[in-house]
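*Asks:* Return a 3D structure for these sequence lines:
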Amino acid sequence: MDSSSIQLADSHIDSIEHTAERLRIHFSRAVIIKTMTGSAEKTLWWQSGDLLLDAPELDGPVPEGPLACAGGDIDDNIYTYRDMIPLPLSSRGAIRVELHFQGEAPDLVASGSAIELKMHDVPKYQRHIRDE
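*Replies:* Okay, the predicted model is just below:
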């Protein structure tokens, strides 16, 4: 596979834990889109993992899980990833996370000094995505 990314919409978050040192966003089911150069089709997978933000500063309350993500932005220095998270992801600098959720949960907005995405287990294949 040439590229993989988490699609924030419809990804499921079990819990969000906040300490002075770290913000941990646990994806119980992160929706992953994999693409391969030269192929007209993409594949859909899911996997669990943690999005970790060092030295977090919150702008608002931490929503309580479980949550279904509706989208958001990851600002990584000069780059903005809209509605997705690239795999792999590990960076230091000016980091900002803004996640939107389905239902009545408040948005999660936080900034920090470093971000890392740690995936668990192996991805589970769901289906092929064909352009119609």
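
*Asks:* Just name the shakiest helix or strand of this protein by mean pLDDT.
*Replies:* Lowest on mean pLDDT, DSSP states H and E among the helices and strands of the chain sits strand 124-129, with a mean of 94.

*Asks:* what about residue 96, distance to residue 33?
*Replies:* The spacing between residue 96 and residue 33, counted by C-beta to C-beta, to the nearest Å, is 23 Å. For every residue, glycine as well, the C-beta is placed using N, CA and C.

*Asks:* strands paired with the least confident helix or strand of the chain, and their directions?
*Replies:* Applying DSSP bridges, strand 124-129 is found paired with strand 42-54 (antiparallel).

*Asks:* Quick check: next helix or strand after the partner strand?
*Replies:* strand 57-58 (DSSP states H and E).

*Asks:* what's the next secondary structure element after that following strand?
*Replies:* Strand 57-58 is succeeded, C-terminally, by strand 67-76 (DSSP H and E).

*Asks:* Pull the residues that contact the helix or strand that comes right after that following strand.
*Replies:* Sequence-wise, the next helix or strand downstream of strand 67-76 (DSSP H and E) is strand 79-82. Residues outside strand 79-82 that contact it (C-beta atoms under 8 Å, 6 or more residues apart in numbering) are 5, 71-75.
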